[in-house]
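> next input, structure requested:
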Amino acid sequence: MNFEVKSAGRVLDLLEYMASQREAVPLAQIVRDLGFPKSSAHGLVQTLAARGHFVQDAAGRYMLVEASRHGFPFRRHEEPLVVTARPFMERLRDESGETVLLATMNAHCDMRRLAKCVSRHRVRYDVNLDAAITAYCTATGRMLLAHAPKEALEHYLARVQLLSYTRYTVTDVDRIREMLVKIRRDGYALNDQEFITGSTGLAAPVFDAHGAVVAALNLGMPTIRYVERRETLLLMVRSAADEISRALGYRR
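Residues are numbered from 1 along each chain as shown. Okay, the predicted model is just below:
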């Protein structure tokens, strides 16, 4: 009985510790910071990784899956995508100074954020990964809608209530369709204060080895910083999305 209680305590200590980390951490650091025996720590992190609550990157470091805080660990096909994308997301965050998000969309046009790397600026864009995503007026959502099958897109547009979140929100369905055609052609999507006043997002597509768009990479920032260097930021997010796509096996 004491062994079971001790093990449960270590699991909770480990989850709380990982929730406090902003970057992926190696096993040696976990052992050092928590004072766990190495064999015990290794067993715990491997178990939590197998259950979808931790993910291990290519460098062997561990990170908490944000969605697991709310009972939504990774689905089986999502973990390889996040593991591949994470180093590129971190580099994009560091080079741009802005927050980076990765999201996917299912066959019903329901969206899910998979990972984020939050800006280190004192004034920055951030969002809970389990927060609802309004696809038609966000850069990430528009990018994924632009690549959704036609039937799925029409079902989405027929059922969604097009609300004005700010005075900039586009709610005309014909204009939205035109925007999605342009996004697919141009290879990027923009949300300029349409969902949150003072916040701007840029998104680019992530392709898998078969040429299908499996995710959108988003750069979120205060609008004032976007205005100052919009072309540079656009180039950065598109380049990072291209690098992730190539790492997934995509070839144009």
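> drop to CA atoms for contacts and neighbour counts, all remaining ones
OK.
> all helices of the stretch 51-200 of the chain, in order?
78-96, 139-146, 150-159, 173-186 (DSSP state H, counting those that start in this stretch).
> so which of those is the most packed in?
Greatest average neighbour count among those goes to helix 139-146 (a mean of 29), per mean count of other C-alpha atoms under 10 Å.
> now that one: average pLDDT?
On average, the pLDDT along helix 139-146 is 97.
> now do it: distance to the chain's middle.
The chain centre lies 13 Å from the centre of helix 139-146; the measure is C-alpha atoms, centre = their mean, to the nearest Å.
> rewinding a little: L202 is nearest to which of the helices of the stretch 51-200 of the chain?
Counting by C-alpha to C-alpha, L202 lies closest to helix 139-146 out of the helices of the stretch 51-200 of the chain; the figure is 5.6 Å.
> packing partners for that closest one?
Applying 3 or more C-alpha pairs under 8 Å, 6 or more residues apart in numbering; DSSP states H and E, one finds that helix 139-146 makes contact with strand 99-105, helix 173-186, strand 189-192, strand 199-207, strand 213-222.
> can you put these in JSON lines and add mean pLDDT and distance to R167?
Listed next are those as JSON lines, based on pLDDT from 0 to 100; distance: least, C-alpha to C-alpha, whole Å:
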{"stretch": "strand 99-105", "mean pLDDT": "94", "distance to R167": "24"}
{"stretch": "helix 173-186", "mean pLDDT": "96", "distance to R167": "16"}
{"stretch": "strand 189-192", "mean pLDDT": "96", "distance to R167": "11"}
{"stretch": "strand 199-207", "mean pLDDT": "97", "distance to R167": "13"}
{"stretch": "strand 213-222", "mean pLDDT": "96", "distance to R167": "17"}
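> one step back: mind checking which of the helices of the stretch 51-200 of the chain is nearest A212?
helix 139-146 (10.9 Å).
> I'd like the helices and strands packed on helix 139-146 as a markdown table, with distance to L233 appended.
Formatted as a markdown table, those follow (distance: least, C-alpha to C-alpha, whole Å):
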| stretch | distance to L233 |
| --- | --- |
| strand 99-105 | 11 |
| helix 173-186 | 15 |
| strand 189-192 | 11 |
| strand 199-207 | 8 |
| strand 213-222 | 8 |
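> redo the helices of the stretch 51-200 of the chain as a markdown table? Include distance to A103.
Listed next are the helices of the stretch 51-200 of the chain as a markdown table, based on distance: least, C-alpha to C-alpha, whole Å:
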| stretch | distance to A103 |
| --- | --- |
| helix 78-96 | 10 |
| helix 139-146 | 7 |
| helix 150-159 | 17 |
| helix 173-186 | 17 |
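> nearest to E231, out of those helices?
helix 78-96 (11.8 Å).
> and for A24, the neighbour number?
Counted by other C-alpha atoms under 10 Å, the residues lying close to A24 total 18.
> how about A240, what does it touch?
By C-alpha atoms under 8 Å, 6 or more residues apart in numbering, the contact set of A240 is 88-89, 92.
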